[in-house]
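Novice: need the 3D shape of this:
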Amino acid sequence: RSLIPEDLRNRVGLLVKHVHDTVTQPLAGDIEGTVASDSTVSAPSAEARSAEADMEQQLAQLLQLQGDEDISKNTQLIAAIQ
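Specialist: Predicted coordinates:
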């Protein structure tokens, strides 16, 4: 314990607290849906569904860009080999 400087320990402590606070706060329109007091699960809100759809679309676009890059690299490689 004494080997780690106190200011570093304090900064790590603050970081851990920040991560914990961030993880424990609920998401806006909780994507998984909320559990009501009578233990029935409500559907995710429209806002959460659209946010989820946006993330999926962005991921698909990134994967598409990556695929296009791979194709162009492969084409260049094939041209170089020929």
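Novice: how about the lowest-mean-pLDDT helix or strand in the chain: buried residues?
Specialist: Lowest by mean pLDDT, DSSP states H and E among the helices and strands of the chain is helix 46-81, with a mean of 79. The neighbour-count check on helix 46-81 (16 or more other C-beta atoms under 10 Å) flags 48, 51 as buried. Where you see a C-beta, it was placed from the backbone N, CA and C, and this is true even at glycine.
Novice: please renumber the chain so that the first residue is 31 from this point on.
Specialist: Yes, from this point I'll number from 31; that puts the last item at helix 76-111.
Novice: just how off-centre is it within its chain?
Specialist: The chain centroid and the centroid of helix 76-111 are separated by 17 Å, computed with C-alpha atoms, centre = their mean, to the nearest Å.
Novice: and it, what does it pack against?
Specialist: Helices and strands touching helix 76-111, as assessed by 3 or more C-beta pairs under 8 Å, 6 or more residues apart in numbering; DSSP states H and E, are absent.
Novice: so who does Glu86 touch?
Specialist: Neighbour list for Glu86: empty [criterion: C-beta atoms under 8 Å, 6 or more residues apart in numbering].
Novice: residue at max distance from the center of the protein?
Specialist: Gln112 (42.0 Å; C-alpha atoms, centre = their mean).
Novice: how far away is that one from Thr105?
Specialist: Gln112 is 11 Å from Thr105, where distance means C-beta to C-beta, to the nearest Å.
Novice: now Leu89
Specialist: 25 Å.
Novice: what's the answer for Asp84, then?
Specialist: Taking C-beta to C-beta, one finds Asp84 at 31 Å from Thr105.
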